[in-house]
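1. This is a predicted model, with the sequence first.
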There are 2 protein chains.
Amino acid sequence: MVTLNSEEKKFYDAFWELKLKSGTHPPSIISVFDMMGGNSKTFVDACFLSNPYATSLFLEDFNKEIIEGGKLREYIEAYPPQNIEVAEHLTSVINVPVNNIFIGNGAIEIIQAVIHNFIKGKIVVNIPTFSSYYEYMKNKEDVIYYQLPKERNYSLNIDKYIAYIKEVRPDSIVIVNPNNPNGDYISLENITLILKELSFLTNIIIDESFIHFAYEDADFSMINTYNLLKQYPNLIVIKSLAKDFGIAGLRVGYAIMSEDKVSSLLATGYQWNIGGFANYFYRLYSRNDFSHAYDIVRKKYIMNTLMFINELSRIPEIKVYPSKANFALIELIDGSLSKEIMVKLLYTYGVYVRDCSDKIGLKGEFLRIASRTFEENMIILDALKDIFKNG
Amino acid sequence: MVTLNSEEKKFYDAFWELKLKSGTHPPSIISVFDMMGGNSKTFVDACFLSNPYATSLFLEDFNKEIIEGGKLREYIEAYPPQNIEVAEHLTSVINVPVNNIFIGNGAIEIIQAVIHNFIKGKIVVNIPTFSSYYEYMKNKEDVIYYQLPKERNYSLNIDKYIAYIKEVRPDSIVIVNPNNPNGDYISLENITLILKELSFLTNIIIDESFIHFAYEDADFSMINTYNLLKQYPNLIVIKSLAKDFGIAGLRVGYAIMSEDKVSSLLATGYQWNIGGFANYFYRLYSRNDFSHAYDIVRKKYIMNTLMFINELSRIPEIKVYPSKANFALIELIDGSLSKEIMVKLLYTYGVYVRDCSDKIGLKGEFLRIASRTFEENMIILDALKDIFKNG
């Protein structure tokens, strides 16, 4: 069992005070930097979840076209286009009609929009999962928590789940696939089964924010459920682009939903919810050269993550939960406390991970660790090994 | 009366088709560029409304600190802080307690949030004004239009207005000050009178998005109504930062409202609604050196706008409406059509202005023209003079 030294204890108090002020989620890395006095030692952000190779790819084009191309002023000064103009750029690359696309200021704005506008009764939320799905419900009594079983690694048993929903008959359900924080993946076949069996529901929300990191074949081919919308108009697919493209600061994401849902949202809002540089991203994404280059770094990152998770699972003091996302949920099984390990990793090793103490539905001491570049993953692994070696 | 040549007529059709596809407002300048084939002739954006000197000021710091400072990747890759963390930066510069500040993804997100969450009955909207205030109402029957009189240059008669509201007793009212599209300004004294007389209303929304361009003294001192909130908790002040700081592409704006309103919004949403570079702006704005430098370019721009409006009013074919904003509403009084003059200005002179045909509450042929740099204003003036000379 690992304990903190006196320096780390002091930092522990300061960090949890900052966390309290930061809202309901971990403080942003920029705020953490500030608190640490901006010291320049190696710093690995394995708390937030994104593909660093994709960030580099985006930056190449951004530097060439925006900075060197002299377009910085234009993108900062000008009003970005309205929602539907931006959707026009996305339609070809994701192969979905423009009227079924809703562009969000990050997926989080879409989660908020969907929950506040389309949920008209009870919603079943599997836990543990991304907390906004229950936090954003105005009437908390309308949330039905469906506990994923720890003994099955918090994975979903499809048959039991379908039977449960048929019995409870809520208004809506939500499935994050792969799930956050454990990375459990539900196959396209099983998602199709859920849609087929539960077509009586008002809304079936599938959050595919991490699906670019999942795979079903040896080529790591891209997966999505978009073409099921025609058959199942109660489907709403929510997709963050912050993780896969490594551009969380630009606030990018979209949803696929029925035409009438898109037009009802656009009728009374969401006109200029996309920033200038987000607009640049959508234009870039629609280009074949970029999306081709992206697919290469996507696959490189998946392989990288596989190696990382494999190495993590060799550390005896932790249990690694099976994941098809770009992160691993790990459980401390040597008696250490997740809040303390989190602080030690940050303060002494410069590695920022997600303490999961506030995640409802998890029972035990958990951390969520994102996969980064190969070199950064080595730093994370070395830090963990060092911590458990020195106790 | 001015007419179009055959080239301009062709462009006329193409432009209004783009407009139709762009949503309810003029197409963004980036989309207009695309349509014009990206030709490189002089182009003046006098449609959207912003201080170009402030854009230059912001770009100086952005270039130095973000680009040359090597922080571009950090701001693109990392999740921005949550709403309340950002409000911490703003609290000192605007001298308002942090719990009364709500940060928006542009003022437009706040307008949407306020209308969808706090208006519980009828709202009186003065027309002509910024259209989202009535467009965003889900129940259109709850909008009461209060026509501003053309014979008084679409300005508000305070006494009559107060008497009207007392008689109608709606749930809420909204006043854009200075008003868009005519620039009419209501003094702080009269705003205070409105708040005092109409304290029975659930919400009094004052939109001060253009107030940095208004003035009541010879020093052009900054005006706002923030300290009236203590006395009148039904006050909601909405403030875009896109116009005064010339950074519409970053999506920046905030509102001042009662603590319970702020916390009710943050309880079920708006957590990560601020982009990375918007976060950088708020940090910059909180610094004395920047806000001091900003005040200089603000005043320079006001003087510039005064000169521009003065020159405009010497053109006999137009009537210029009195304005304390950074634009002028002009009426074509020689029989010319606003849509045609708009297209001629854009196609032949590279000057993009706002045709006001779709603004309800205006009776006649109107254009809204933004003030730009001294040199760009000269181009606009020369173009208008040329058009009316050549017919």
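-> Great, that's in hand.

2. Next up, the contacts around the residue in the stretch 251-391 of chain A that chain B sits nearest to.
-> Going by CB to the nearest CB, chain B is nearest to residue A:276 of the stretch 251-391 of chain A, at 2.6 Å. For glycine as for every other residue, the C-beta is placed from the backbone atoms N, C-alpha and C. Contact analysis of residue A:276 by CB atoms under 8 Å, 6 or more residues apart in numbering or on different chains lists A:75-76, A:78, A:80, B:248-250.

3. residues in the stretch 251-391 of chain A within reach of chain B, list them.
-> A:251, A:266, A:268-279 (CB under 8 Å from any CB of the partner chain).

4. now those: which count as buried?
-> A:251, A:266, A:268-279 (16 or more other CB atoms under 10 Å in any protein chain shown).

5. List just the nearest of those to residue A:106.
-> residue A:251 (4.2 Å; CB to CB).

6. wouldn't the closest one be in contact with residue B:275 here?
-> Yes: the pair residue A:251 / residue B:275 is scored as a contact, 4.9 Å apart, by CB atoms under 8 Å.

7. Now the two most distant members of the buried ones among the residues of the stretch 251-391 of chain A next to chain B.
-> Farthest pair in those, by CB to CB: A:268 and A:277, 26.3 Å.

8. quick one on the thing from earlier: any shared contact partners between residue A:251 and residue B:275?
-> A:105, A:275, A:278, B:80, B:105.

9. Just send those residues back as a markdown table, with secondary structure and pLDDT too.
-> Compiled in a markdown table, these are given as follows (DSSP: H, G, I helix; E, B strand; the rest coil; pLDDT from 0 to 100):
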| residue | secondary structure | pLDDT |
| --- | --- | --- |
| A:105 | coil | 98 |
| A:275 | coil | 96 |
| A:278 | helix | 98 |
| B:80 | coil | 89 |
| B:105 | coil | 98 |
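
10. Of the residues you listed, just say which sits nearest to residue B:144.
-> Of those, the one sitting nearest to residue B:144 (CB to CB) turns out to be residue B:105, at 28.4 Å.

11. Is it correct that the closest one is in contact with residue B:269?
-> No: using CB under 8 Å, residue B:105 is not in contact with residue B:269, being 11.3 Å away.

12. How about the backbone phi and psi for the residue nearest to residue A:142 when sequence neighbours are not counted?
-> Among residues not flanking residue A:142 along the chain, residue A:122 sits closest, at 5.0 Å (CB to CB, 6 or more residues apart in numbering or on different chains). Note on residue A:122: its backbone torsions stand at phi -80, psi 150 [degrees, to the nearest 10].

13. try residue A:206
-> The phi/psi pair for residue A:206 (degrees, to the nearest 10) is phi -110, psi 120.

14. show me what contacts it?
-> Counting by CB under 8 Å, 6+ apart, residue A:206 has contacts A:174-175, A:177, A:191, A:225, A:235-238.

15. Quick one: buried ones out of those?
-> Applying 16+ other CB under 10 Å to the contacts of residue A:206 flags A:174-175, A:177, A:191, A:225, A:235-238 as buried.

16. quick one: the helices in the stretch 201-350 of chain A?
-> When assigned using DSSP state H, counting those that start in this stretch, the helices of the stretch 201-350 of chain A occupy the ranges A:259-267, A:276-285, A:288-312, A:338-349.

17. looking at those helices, which is buried most?
-> Per-stretch averages of neighbours, counted by mean count of other CB atoms under 10 Å in any protein chain shown, single out helix A:276-285 among these, with a mean of 23.

18. Show me where chain A has its strands.
-> A:44-45, A:101-104, A:123-127, A:143-147, A:172-176, A:203-207, A:235-240, A:253-256, A:318-320, A:327-332, A:351-352, A:354-355, A:366-370 (DSSP state E).

19. so how far is the second one from its chain's centroid?
-> Spelled out, it's strand A:101-104. 17 Å (CA atoms, centre = their mean, to the nearest Å).

20. Give the partner strands of that strand in its sheet and their orientations.
-> strand A:253-256 (antiparallel) (DSSP bridges).

21. so what pLDDT did the residue nearest to residue A:78 when sequence neighbours are not counted get?
-> In space, and not counting its chain neighbours, residue A:78 is closest to residue B:29: 4.8 Å by CB to CB, 6+ apart. We note a pLDDT of 75 for residue B:29 in this prediction.

22. before we move on, the earlier item: looking at the strands of chain A, which is nearest to residue B:310?
-> strand A:101-104 (42.2 Å).

23. Could I get the average pLDDT for the closest one?
-> 98.

24. do the same with stretch A:282-298
-> So the average pLDDT for stretch A:282-298 ends up being 97.

25. ok, residues contacting it?
-> Outside stretch A:282-298, the residues that reach it (CB under 8 Å, 6+ apart) are A:51, A:53-54, A:56-58, A:61, A:65, A:86, A:89-90, A:92-93, A:103, A:212-213, A:220, A:222, A:241, A:244-245, A:252, A:274.

26. Kindly report the same for stretch A:70-82.
-> So stretch A:70-82 is in contact with A:65-66, A:86, A:271-272, A:274-280, B:22-25, B:27-31, B:45, B:48, B:50, B:52, B:55, B:58-59, B:62-63, B:242, B:246-251, B:277, going by CB under 8 Å, 6+ apart.

27. one more time with 7 Å, if that's ok
-> A:65-66, A:271-272, A:274-277, A:279-280, B:22-23, B:25, B:28-31, B:45, B:48, B:50, B:55, B:59, B:246-250 (CB atoms under 7 Å, 6 or more residues apart in numbering or on different chains).

28. Now for the residue nearest to residue A:85 when sequence neighbours are not counted: which residues touch it?
-> Once flanking residues are discounted, residue A:85 sits nearest to residue B:22: 5.6 Å by CB to CB, 6+ apart. Counting by CB under 7 Å, 6+ apart, residue B:22 touches A:81-82, A:85, B:31.

29. can you tell me which two in these are farthest apart?
-> Maximum distance among the contacts of residue B:22 (CB to CB): 9.3 Å, for A:82 and B:31.

30. Which one's more surrounded, these two?
-> residue A:82 (24 against 21; other CB atoms under 10 Å in any protein chain shown).

31. all helices in the stretch 1-150 of chain A, in order from the N-terminus.
-> With DSSP H, counting those that start in this stretch as the criterion, the stretch 1-150 of chain A has helices spanning A:6-21, A:29-35, A:52-61, A:72-77, A:83-94, A:107-118, A:132-135.
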